[in-house]
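Any chance you can model this:
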Amino acid sequence: MSPRDNAIRSFLANTKWSNSEVCNLAGDASARRYKRLKLGTGKTAVLMDAPTEDGNSTEQFTRIATFLTNKGLSAPEIFLSDHAQGLLLIEDLGDDLFAHVIPRNPVMEEPLYLAAAGVLTTLHQHSPPSGLQSMDAPTLAEMIEPVFSWYISGADLPWQHAWAAFHQSILPIFETHFDTPDVMVLRDYHAENLLWLPNRKDESCVGLLDFQDALLGHRAYDLVSLLQDARRDVPINVEDRSIAHFVQSSGLDPETFDVAYALLGAQRNLRIIGVFTRLCMHYGKPYYVDLIPRVYDLAMRNLKHPALQGPAKILATTLPAPTPDLLKKLKAKCATLPTP
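From the prediction side, this is the model:
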């Protein structure tokens, strides 16, 4: 038995879960691992195994989960915690991820996305918790850098001068169109982190996962994450109706929001291209490379917005398309590069 197994055993030792049936649950792109614990009565809970030496913070997860549940939203209840060990025992919200429900019942696609947009409207009505770091204009611009230092670099193309020119071009656009960040942004708000809970009322019918990296940001950010999903194609009519629903229910100006949505769509998708490349070349996860073409197409769509003409012109000559040959090249470098 490994030291980590011993730590988990000690964590559960004095609880009714100490001899429970255990099965692994699918993880995410992080170092966190999840196990479902099941009692003979059928009652279940989830063990989050998030070693602190890997940069995880169960304290932050607990703080954000508590904030969300206090606002009537469906984050998991925290049953037991050992923050020093990076262990949590949390409520099991089930397996009905949006990404699973929609293929089984396609007619639910639009209602689910509208419900998820409604959660964001509700969340933004509340002042965010204190102590969150801010995704201000300089931060948003800097977050795009991985597409240059990993993806363009991974294509064996020069990237430093292109990054400097791009950064110089896009930073003033953020500064022009974005005010001081004023809402909590969950960051990974998409169909594989949202659960359908039809027995709950109103916005609590959407279960929330993977929010421990929450920041202060722009209210369009999570909507972009939801509707421009790296892992699945969201129909354009569903995207348009969800945006309209969010804008109307939030009392926002449609034209102003349109600029912010396109700008954050470009920012987020360009960053993801770099992050997925890094997950392959540094962390040995080649399957993320297969998602890059979809994300690239989303980024290109956003870059067509008139407000982004300058950055788009730079990328037209510096950002290679994810051709089969390029994707093969990236995969060939899987787990070979400790640094850019």
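
measure the closest residue to residue 158 other than its chain neighbours to residue 337 for me?
Distance criterion C-beta to C-beta, 6 or more residues apart in numbering; nearest residue to residue 158, sequence neighbours excluded, is residue 152 at 7.9 Å. Placement of C-beta: from N, CA and C, glycine included. Note on residue 152: its distance to residue 337, by C-beta to C-beta, to the nearest Å, is 13 Å.

Tell me the buried residues in the host helix or strand of residue 37?
Under the assignment given by DSSP states H and E, the secondary-structure element containing residue 37 is strand 33-38. Buried positions in strand 33-38, judged by neighbour count with 16 or more other C-beta atoms under 10 Å: 33, 34, 36, 37.

Residue 229: which of the residues you listed is nearest?
Set against residue 229, the nearest of the buried residues of strand 33-38 by C-beta to C-beta is residue 34 (20.8 Å).

Show the contacting residues for the closest one.
Under the criterion of C-beta atoms under 8 Å, 6 or more residues apart in numbering, the contact partners of residue 34 comprise 24, 25, 26, 27, 46, 47, 48, 49.

what do you get for residue 138?
Taking C-beta under 8 Å, 6+ apart as the contact definition, residue 138 lies against 171, 174.

how about a cut-off of 7 Å?
Contacts were defined as C-beta atoms under 7 Å, 6 or more residues apart in numbering; by that measure residue 138 touches residue 171.

Report the next helix or strand after the strand or helix carrying residue 298 in sequence order.
Assessed by DSSP H and E, residue 298 sits inside helix 292-303. Tracing the chain C-terminally past helix 292-303 and defining elements by DSSP H and E, one meets helix 309-318 next.

and that following helix, what's its mean pLDDT?
Rounded to a whole number, the mean pLDDT of helix 309-318 is 97.

What are the buried residues along it?
Buried residues in helix 309-318, defined by neighbour count with 16+ other C-beta under 10 Å: 311, 312, 314, 315, 318.

who does that helix touch, helix- and strand-wise?
Using 3 or more C-beta pairs under 7 Å, 6 or more residues apart in numbering; DSSP states H and E, the elements in contact with helix 309-318 are helix 160-177, helix 292-303.

between the ones you listed, which one is nearest to residue 87?
When those are ranked by proximity to residue 87, the top entry is helix 292-303, at 33.0 Å, counting by C-beta to C-beta.

list the helices and strands the closest one packs on?
On the basis of 3+ C-beta pairs under 7 Å, 6+ apart, helix 292-303 makes packing contacts with helix 254-281, helix 309-318.

wait, which of those is closest to residue 243?
Distances from residue 243 to each of those were compared using C-beta to C-beta; the minimum, 6.8 Å, belongs to helix 254-281.

Now do that closest one: distance to the chain's middle.
Mean C-alpha position of helix 254-281 versus that of the full chain (C-alpha atoms, centre = their mean, to the nearest Å) differs by 11 Å.

relative to helix 292-303, how tilted is it?
On the basis of axes from the mean of the first three to the mean of the last three C-alpha atoms, to 10 degrees, helix 254-281 is oriented at 150 degrees to helix 292-303.

picking up where we left off before, looking at residue 152 and residue 337, which one has more neighbours?
Counting neighbours by other C-beta atoms under 10 Å for residue 152 and for residue 337 shows that residue 152 has the greater number, 23 against 15.

Distance check, the more buried one against residue 286.
With C-beta to C-beta as the criterion, residue 152 and residue 286 are 18 Å apart.

And for residue 63?
Here the distance between residue 63 and residue 286 works out to 34 Å (C-beta to C-beta).

Could you do residue 254 as well?
As defined by C-beta to C-beta, residue 254 lies at a distance of 41 Å from residue 286.

likewise residue 209?
In this structure, residue 209 and residue 286 are 25 Å apart, going by C-beta to C-beta.

Those two: which is more packed in?
Set side by side, residue 209 and residue 286 give different neighbour counts by other C-beta under 10 Å, the larger being at residue 209 (23 against 17).

And the pLDDT for the more buried one?
The per-residue pLDDT reported for residue 209 equals 93.

residue contacts, it?
For residue 209, the contact set (C-beta under 7 Å, 6+ apart) comprises 193, 195.

Give the buried residues for stretch 85-105.
Applying a neighbour-count criterion of 16+ other C-beta under 10 Å, the buried positions in stretch 85-105 are 85-93, 97-99, 101-102.

How far does that stretch stretch from one end to the other?
Across its full length, stretch 85-105 reaches 40 Å between end residues, using C-alpha to C-alpha, to the nearest Å.

now that stretch, how far from the centre of its chain.
For stretch 85-105 - counting by C-alpha atoms, centre = their mean - the centre lies 15 Å from the chain centre.

switch to numbering from 9
Yep, numbering from 9; the last one is stretch 93-113 now.

Other residues contacting that stretch?
The list of residues contacting stretch 93-113 from outside it, by C-beta under 7 Å, 6+ apart, reads 15-16, 19, 25, 44, 52-60, 64, 66, 69-70, 82, 84-89, 116-117, 120, 199-200, 202-205, 215, 240.

If any of those residues are buried, give me the ChimeraX selection for them.
Selecting the buried subset of those in ChimeraX, with 16+ other C-beta under 10 Å as the burial test, is done by:
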select :15,16,19,25,44,52,53,54,55,56,57,58,59,64,66,69,70,82,84,86,89,117,120,199,200,202,203,204,205,215
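
Can you list which of the contacts of stretch 93-113 are found in helices?
Secondary structure assignment by DSSP state H places 15, 16, 19, 66, 69, 70, 117, 120 of the contacts of stretch 93-113 in helices.
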